[in-house]
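Q: Sequence plus the predicted model coming up.
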Amino acid sequence: MPKTFSLMIHGGAGALDNIKDDRIAVRYLESLRVILEHGREILSRGAGAVEAVETCASQLEDDPLFNAGCGSVLTEHGHVEMDAGIMDGRDLAAGAVAAVSNIANPVQLARLIMDGSEHLMLIGEGALRFAEHCGMKRTPDHYFLTPERVAQLDQARLKHRIMLDHDAVEDAGEEQKYGTVGAVARDLEGNLAAATSTGGIVNKRMGRVGDSPIIGAGLYADNETCTVSTTGYGEDFMRTLIAKTISDVILFKGGGARDAVTAGIAYLQRKVTGRGGVIVIDKAGDCASGFTTKKMVHGWIEHGGEAICRF
Ligand code: ASP
């Protein structure tokens, strides 16, 4: 059997009503495609899964279309507070940051924490000091404050409510998109890794932390089972530890990514009527995704094949 790699990325789940506009749809799909092809390039020349997910998540953070890095949504005070996590399926090593500002690529800081600190998660000012210690520069506020995000916060404030990224302009209940970005990969050696990064939810309280940096909720990777990244209503995912639950389906019942996603999504729905989606690659490199929202922006390359992107 020739060695192959697999790679999946996502850019949020929900109704994605704004994507009815074809020009916006093309921008999303094009962005995913470029990032997947870059991932192909590095994985096929032997990059490890950790490097691949860090690179793909960083590129998604750099695209203001997505709710992470420079496209992050704003808190109730009009600030950006980001969460991110990364995990290595070889040894369950992980790194995470929560409620950080002025860091262009929080997933890179999570990686530095994984590789260079004795801790798993750092938050707020402590995370910034560690970033400085590692030579990472602070990025000024204006880099993050896009006009779209300021308008989105104004709308949420008018309605006196917390909104999720790409919430429909009209109050639409389930018609929401949960931003966040994520990447999962299986490299040529069969190693798995996961990364998830987010600005969280619009008009969130200062200090609110979602699922994205929580190991077992927003991401999980174990070479023995699979790698998972999630997007959706973080509180639902933390209560169900959905990423670890999906991994446990394979650990305790066997089977692959498809069965595990079906079981995990059913559990999420049954227990908390959870809203969002997941991308999963199992140890054999098979890819699967599932979501309880109408759509999820995602793309994949399975066993080195063609890049497929869809909503
Ligand atoms: N899961 C993220 C959070 O709750 C939001 C999202 O996926 O858009 O912070």
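A: Sure, I can see it.
Q: what's near enough to touch the residue nearest to Asn105 when sequence neighbours are not counted?
A: Spatially, and ignoring its direct neighbours in sequence, Asn105 is nearest to Ser58 (4.8 Å; CB to CB, 6 or more residues apart in numbering). Every C-beta, even on glycine, is put in place using the N, C-alpha and C of the backbone. Ser58 makes contacts with 69, 105, 107-108, as judged by CB atoms under 8 Å, 6 or more residues apart in numbering.
Q: Just the mean pLDDT for stretch 214-231, thanks.
A: Per-residue pLDDT over stretch 214-231 has a mean of 98.
Q: so how far is that stretch off the chain centroid?
A: 11 Å (CA atoms, centre = their mean, to the nearest Å).
Q: Could you list the buried residues of it?
A: 214-223, 225-231 (16 or more other CB atoms under 10 Å).
Q: do the same with stretch 196-213
A: Applying 16+ other CB under 10 Å to stretch 196-213 flags 196-204, 208-213 as buried.
Q: Mind checking which of these are in strands?
A: Among the buried residues of stretch 196-213, the subset assigned to strands under DSSP state E consists of 196-198.
Q: closest to Asp63 among the residues you listed?
A: Distance to Asp63 across those (CB to CB) is lowest for Ser197, with 11.7 Å.
Q: Just say helix, strand or coil for Ile9.
A: Using DSSP: H, G, I helix; E, B strand; the rest coil, the structure places Ile9 in strand.
Q: looking at the sheet around it, what are its partners?
A: Beta-bridge pairing for Ile9 (DSSP bridges): Ala183, Gly299.
Q: What's the separation between Thr4 and Arg40?
A: Taken as CB to CB, to the nearest Å, the spacing of Thr4 relative to Arg40 amounts to 11 Å.
Q: list the residues that contact both of these two?
A: With CB under 8 Å, 6+ apart as the test, Thr4 and Arg40 both reach Gly304.
Q: As a check, name the ranges of all helices in the stretch 201-311 of the chain.
A: Here the stretch 201-311 of the chain has its helices, by DSSP state H, counting those that start in this stretch, at 234-240, 242-253, 257-272.
Q: Turn those into CSV, columns for mean pLDDT and mean neighbour count.
A: Formatted as CSV, the helices of the stretch 201-311 of the chain follow (pLDDT from 0 to 100; neighbours: other CB atoms under 10 Å):
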stretch, mean pLDDT, mean neighbour count
helix 234-240, 96, 21
helix 242-253, 98, 21
helix 257-272, 98, 19
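Q: Can you lay out those helices as a markdown table showing distance to the ligand?
A: Below are these laid out as a markdown table (distance: least, CB to the nearest ligand atom, whole Å):
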| stretch | distance to the ligand |
| --- | --- |
| helix 234-240 | 2 |
| helix 242-253 | 10 |
| helix 257-272 | 13 |
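Q: Please produce TSV containing those helices, extended by distance to Gly305.
A: Formatted as TSV, the helices of the stretch 201-311 of the chain follow (distance: least, CB to CB, whole Å):
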stretch	distance to Gly305
helix 234-240	29
helix 242-253	22
helix 257-272	15
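Q: where does the chain come near the ligand, residue by residue?
A: Counting by CB under 6 Å from any ligand atom, the positions of the chain adjacent to the ligand are 12, 67, 164-165, 178-180, 198, 200-201, 210-212, 231-234.
Q: Perfect, I'm done here.
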